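K.L.:
quick one, structure for this:
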Amino acid sequence: MAALGAYADVRRVLQIVLVINLVLFFAEFTAGVFARSTALMADSVDMLGDALVYILSLYALERSLRWRAGAALFKGGIIAAFGIWVAIEVVLKLTGDIVPTAGTMGIFGFIALAANLTCLALLYQHRNRDVNMSSTFECSRNDVIANTGVIVAAAGVWLTGSGWPDILVGSIIAILFFRSAIRVLSQAWPQFRTARPTVAAALD
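P.N.:
Predicted coordinates for the structure are as follows:
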């Protein structure tokens, strides 16, 4: 009964944060396109990735340790892919002379930060249950850092009238994604390699 209760609690939290991230992805990506902000679009696409992560986490929740480790490996790959995408966007912005709309960046940066702090608080108590939930918490923590970066970039664009703060923050977000991907993959791979694929395990 305790195990079933633990699964139900985690499932409910994952469903809530999934809905939050899907809603914020559509709102923030649209704002990023209109504001011409690399940092804002990068942050929004990361939210879409997190929504996929939460779906995968829900699917792997009651499966074996190897399934959970495999889910974490997939999440690490998603994080790395977004890092590559953001890096490409930064390079493209370097070739142009685009100044993002600071006001839109700031408003949606604060909205996204509030939403992701809520997600982080919901996931916090489950962060050490297994590698699946640990990698999920890692993704949410990256979001909070990225949101803060968007707000800093908005302030920089407003103060300088230049697109360089947006480019700089986008670069930092890309580096953060690569660092996080390496951490998740290095934790998940040993468990995936050694765990038995058909043996389910309870949450801690």
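K.L.:
please make it C-alpha for all contacts and neighbour counts, starting now.
P.N.:
Will do.
K.L.:
give me the below-cutoff pLDDT ranges for the protein.
P.N.:
1-7, 60-65, 68, 96-97, 130-132, 195-204 (pLDDT under 70).
K.L.:
the longest helix seen in it packs against which elements?
P.N.:
If you go by DSSP state H, the chain has its longest helix at helix 2-35. If contacts are counted by 3 or more Cα pairs under 8 Å, 6 or more residues apart in numbering; DSSP states H and E, helix 2-35 sits against helix 38-60, helix 102-124.
K.L.:
out of these, which gets nearest to residue 190?
P.N.:
Closest approach to residue 190 among these (Cα to Cα): helix 38-60, 17.4 Å.
K.L.:
okay, buried residues for the closest one please.
P.N.:
38-54, 56-58, 60 (16 or more other Cα atoms under 10 Å).
K.L.:
likewise for stretch 90-97?
P.N.:
Neighbour count says stretch 90-97 has 90, 93 buried, by 16+ other Cα under 10 Å.
K.L.:
now swap in stretch 142-162 and tell me
P.N.:
142-158, 162.
K.L.:
let me know the helix or strand that the spatially most central residue of the chain is in.
P.N.:
Computing the C-alpha centroid of the chain and ranking residues by Cα atoms, centre = their mean puts residue 139 first, at 3.9 Å. Assigned by DSSP states H and E, residue 139 belongs to helix 131-160.
K.L.:
what's the angle between that helix and helix 38-60?
P.N.:
Using axes from the mean of the first three to the mean of the last three Cα atoms, to 10 degrees, the inter-axis angle of helix 131-160 relative to helix 38-60 is 170 degrees.
K.L.:
tell me what helix 131-160 is packed against?
P.N.:
The elements that helix 131-160 packs onto, with contact taken as 3+ Cα pairs under 8 Å, 6+ apart, are helix 38-60, helix 65-94, helix 102-124, helix 164-194.
K.L.:
roughly how far out does it sit from the chain middle?
P.N.:
Centre-to-centre, helix 131-160 and its host chain are 8 Å apart (Cα atoms, centre = their mean, to the nearest Å).
K.L.:
go on, stretch 40-59?
P.N.:
With Cα atoms, centre = their mean, you get 6 Å for stretch 40-59.
K.L.:
same check on stretch 48-63?
P.N.:
The answer for stretch 48-63 is 12 Å, by Cα atoms, centre = their mean.
K.L.:
just the CA atoms of it, as PDB, please.
P.N.:
C-alpha atoms of stretch 48-63 as PDB (Å, rounded to 0.1, in the frame of the first residue of the first chain):
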ATOM      1  CA  LEU A  48       8.900  21.400 -24.500                       C
ATOM      2  CA  GLY A  49      11.800  19.000 -23.900                       C
ATOM      3  CA  ASP A  50      10.800  18.900 -20.200                       C
ATOM      4  CA  ALA A  51       7.200  18.000 -21.200                       C
ATOM      5  CA  LEU A  52       8.600  15.100 -23.200                       C
ATOM      6  CA  VAL A  53      10.800  14.200 -20.200                       C
ATOM      7  CA  TYR A  54       7.700  14.200 -17.800                       C
ATOM      8  CA  ILE A  55       5.800  11.900 -20.200                       C
ATOM      9  CA  LEU A  56       8.700   9.500 -20.400                       C
ATOM     10  CA  SER A  57       9.000   9.700 -16.600                       C
ATOM     11  CA  LEU A  58       5.400   8.800 -16.200                       C
ATOM     12  CA  TYR A  59       5.800   5.800 -18.500                       C
ATOM     13  CA  ALA A  60       8.900   4.500 -16.800                       C
ATOM     14  CA  LEU A  61       7.600   5.200 -13.200                       C
ATOM     15  CA  GLU A  62       6.500   1.600 -12.300                       C
ATOM     16  CA  ARG A  63       8.900  -0.300 -14.500                       C
END
